[in-house]
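J.: have a look at this fold, sequence not included:
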């Protein structure tokens, strides 16, 4: 798209009231939260002592998505012990990060302990944020001014289990607070988003392909075998597409399914806009971004637009002493556990940037016209910049670590109520009524190489337990056409977990955060068979809480082990603990809490227009702190009271 259209007008009503086009070189937009400026932060705060020989493509070295990035060490996907700290990390066959720490001197302790102590000191000394706004009808104090309605884009990369919690949050932001909410995710979830009353925007990427890749490369950190196979070139192209999609989702009219307007002339773009259905013609420019970390483009888009960013995720992503990064396997360490746990977050982030840093920097330079980031400085960037982070799991399952500051919160699970609109098929209803509650067995979005072998193993395990079972087909293609379905087994299609899990005796699944939440919330003991990613973490957390047996990784699973785990889950102590967790979760309202945390960190009073406080401010009068909405600025300009040359974004 031509330069004259690269910088969009900042608000919906700016278009409606004829505000003049913005200059090509945008000044930073006024923002209540400290404006994200990575370059300034990088200059003021050097990287915390890590130097793995990172090489950053210069101005004359274009990043190539078809080729692996320059390596920090001799082999991609590895950090070796030659860094002087005794730390070693390698991406294993299952894509998780195997970490070994052999501390031969106190170099690592001397580097990490001051950071840990500083983090704890800040928790104690930093002032708490003001109380969150709570609407009066939800028990809030009367007479409060609600936040101004904003254009909020929620950027989510992942499977259905990753997207569904944000649909629940988006409904609260729209229905309770009156925001315009755009959920930017993969095309396959378009109908799911729209039928729940939210606007959809496609950021590209195929979650089924992504899931198949992540079975071997969770966190999108490629191991050496993956690089050698050529698979990584395809995935890196996909990430490049998603990065561009995150930017388009912040500024573009429509749903993202047309031709990329950033690659068109103004005339071509306007011709296509004219053909859009009426409901897709309403301009959208984001006032705030909510995102999960794998969306990757979030912080860079926020920096470009000068708008607030709030991260939300289903698994821990903020460094802590309490437990290691969910993608890390701590194989050996002679360092203190708090140091080992803390550094695991930095090492996983380093490997992620090793695989994708040049693609991200290409996006910054070519699409956002921002300077590249040093890949030495980039790891742990979100933590150092204190970007607000809200985690959507129950504090009854994992309490907030004591070394997480006020900008990090644990809200509770975000649940989407699908049960009330669901009517089971007659054959499913008949099966459920025909005997004792069955065991649910399903592996969600997982793609397995041999679905029939997996199905046979499940059938054999069910026979050993003597229990009835519901076996979900899922994306993995679990089928039984060639094998024959044993007595007492029902092959299940798509069915909402919040309805189904109340009717089963136990749940067996892969350990996705969403499925784990649904099982615990229903008070059902949980057996987790982790495949990759954060799934071993959730298996460990469920076992630690006493709501299920220790997890058995998929690669170690057989019919006897699966049957043993199911029997363990059905023991009285496990059933009792699962019900206790359920009772605690019933007292929480994660959806509302998450929305409150968003507004608490937003400091929305500073976003109001000085003349019409019910509208968000877009402009600031130069040399003053007077902020104006697009509509107010346009009216004042039309009346000759102000000139747009006197305004800054």
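T.: Cool, got the structure. Bear in mind that the values here come from a model prediction, so they are computed numbers and not experimental data.
J.: what's the local residue count around residue 606?
T.: For residue 606, the tally of surrounding residues (other CB atoms under 10 Å) stands at 13. In short, each C-beta sits where N, CA and C put it, glycine included.
J.: got the confidence number for it?
T.: pLDDT recorded at residue 606 is 82.
J.: so how far is residue 597 from it?
T.: To residue 597, residue 606 is 17 Å away according to CB to CB, to the nearest Å.
J.: how about residue 294: what's its closest non-neighbour residue?
T.: Among residues not flanking residue 294 along the chain, residue 157 sits closest, at 4.2 Å (CB to CB, 6 or more residues apart in numbering).
J.: where do the helices sit along the stretch 201-350 of the chain?
T.: Assigned by DSSP state H, counting those that start in this stretch, the helices in the stretch 201-350 of the chain fall at 207-216, 224-229, 231-251, 266-274, 298-305, 337-366.
J.: where among those is the average confidence lowest?
T.: helix 224-229 (a mean of 42).
J.: before we move on, back to that, quick one, what contacts the residue nearest to residue 294?
T.: Residues near residue 157 by CB atoms under 8 Å, 6 or more residues apart in numbering: 185, 186, 203, 205, 210, 242, 292, 294, 295, 296.
J.: same check on residue 632?
T.: 609, 611, 612, 615.
J.: mind picking the two most distant members of these?
T.: By the measure CB to CB, 611 and 615 form the most distant pair in the contacts of residue 632, at 8.6 Å.
J.: quick one: common contacting residues for these two?
T.: The overlap between the contact sets of residue 611 and residue 615 (CB under 8 Å, 6+ apart) consists of 629, 632.
J.: those two: which has the busier surroundings?
T.: residue 615 (20 against 16).
J.: report the contact partners of the more buried one.
T.: 13, 148, 149, 608, 609, 629, 631, 632.
J.: nearest residue to it other than its sequence neighbours?
T.: Nearest residue to residue 615, sequence neighbours excluded (CB to CB, 6+ apart): residue 629, at 3.7 Å.
J.: just confirm the one you found contacts residue 618, I think it does.
T.: Yes: taking contacts as CB atoms under 8 Å, residue 629 lies within contact range of residue 618: 5.8 Å.
J.: A helix includes residue 551, no?
T.: No: if the criterion is DSSP: H, G, I helix; E, B strand; the rest coil, then residue 551 is coil and not within a helix.
J.: look up how far residue 382 lies from residue 609.
T.: Applying CB to CB, the value for residue 609 to residue 382 is 30 Å.
J.: residue ranges for the strands of the stretch 101-250 of the chain, please.
T.: Shown for the stretch 101-250 of the chain, the strands assigned by DSSP state E, counting those that start in this stretch span residues 151-155, 180-185, 199-202.
J.: out of the ones you listed, which gets nearest to residue 88?
T.: Of these, nearest to residue 88 by CB to CB is strand 151-155, at 33.6 Å.
J.: the closest one to helix 298-305, inter-axis angle?
T.: When axes from the mean of the first three to the mean of the last three CA atoms, to 10 degrees is applied, the directions of strand 151-155 and helix 298-305 differ by 150 degrees.
J.: helices and strands around strand 151-155, which ones?
T.: Under the contact criterion of 3 or more CB pairs under 8 Å, 6 or more residues apart in numbering; DSSP states H and E, strand 151-155 touches helix 160-175, strand 180-185, helix 231-251, strand 288-291.
J.: to residue 417, which of the ones you listed lies closest?
T.: Comparing the helices and strands packed on strand 151-155 by CB to CB, helix 160-175 comes nearest, at 8.1 Å.
J.: what packs against the closest one?
T.: strand 151-155, strand 180-185, helix 190-194, helix 513-521, helix 590-602.
J.: can you list the buried residues in it?
T.: Under the neighbour-count criterion of 16 or more other CB atoms under 10 Å, helix 160-175 has 160-174 buried.
J.: so which of the residues you listed is the closest to residue 359?
T.: residue 162 (20.7 Å).
J.: name the nearest residue to the closest one, ignoring sequence neighbours.
T.: residue 156 (5.9 Å).
J.: pLDDT score for that neighbour?
T.: pLDDT for residue 156: 95.
J.: also residue 133?
T.: pLDDT, residue 133: 88.
J.: so that it lines up with my notes, have the first residue be 31 from now on.
T.: All right, first residue 31 from here; so that's residue 163.
J.: now it: how far from residue 204?
T.: 16 Å.
J.: repeat for residue 494
T.: 48 Å.
J.: what of residue 175?
T.: 19 Å.
J.: residue 315 against residue 183, yeah?
T.: No: applying CB under 8 Å, one finds residue 315 not in contact with residue 183, separated by 9.3 Å.
J.: the two: who's more crowded?
T.: Neighbour count, other CB under 10 Å: between residue 315 and residue 183, residue 183 has more, with 28 against 22.
J.: am I right that residue 517 is in a helix?
T.: No: per three-state DSSP, residue 517 lies outside any helix segment and is coil.
J.: now it: how far from residue 465?
T.: The separation that residue 517 has from residue 465, given CB to CB, amounts to 11 Å.
J.: likewise for residue 234?
T.: From residue 234 across to residue 465, the span is 46 Å (CB to CB).
J.: re the thing from before, ok, which of the strands of the stretch 131-280 of the chain comes nearest residue 364?
T.: Distance to residue 364, taken as CB to CB, is lowest for strand 181-185 among the strands of the stretch 131-280 of the chain, at 40.3 Å.
J.: in its sheet, what does that closest one sit against?
T.: Here strand 181-185 is paired, per DSSP bridges, with strand 210-215 (parallel), strand 318-321 (parallel).
J.: these: which one's closest to residue 129?
T.: Proximity to residue 129 (CB to CB) singles out strand 318-321 among the strands paired with strand 181-185, at 26.6 Å.
J.: can you give me the buried ones in that closest one?
T.: When burial is assessed from 16+ other CB under 10 Å, strand 318-321 yields the following buried residues: 318, 319, 320, 321.
J.: same deal with stretch 396-414?
T.: For stretch 396-414, by 16+ other CB under 10 Å, it's 397-398, 400, 402-414.
J.: quick one: least confident helix or strand in the chain?
T.: helix 42-46 (a mean of 38; mean pLDDT, DSSP states H and E).
J.: pretty sure residue 449 contacts residue 525?
T.: No: using CB under 8 Å as the test, residue 449 is too far from residue 525 to be in contact (10.0 Å).
J.: out of these two, which sits in the more crowded spot?
T.: Between residue 449 and residue 525, counted using other CB under 10 Å, the more crowded position is residue 525 (18 against 13).
J.: is it correct that that one falls within a helix?
T.: No: with three-state DSSP as the criterion, residue 525 is coil rather than part of a helix.
J.: would you mind measuring from it to residue 677?
T.: 54 Å.
J.: re the thing from before, any idea how far the residue nearest to residue 324 lies from residue 602?
T.: Distance, residue 187 to residue 602, using CB to CB: 41 Å.
J.: so what's the residue count around residue 150?
T.: 14.
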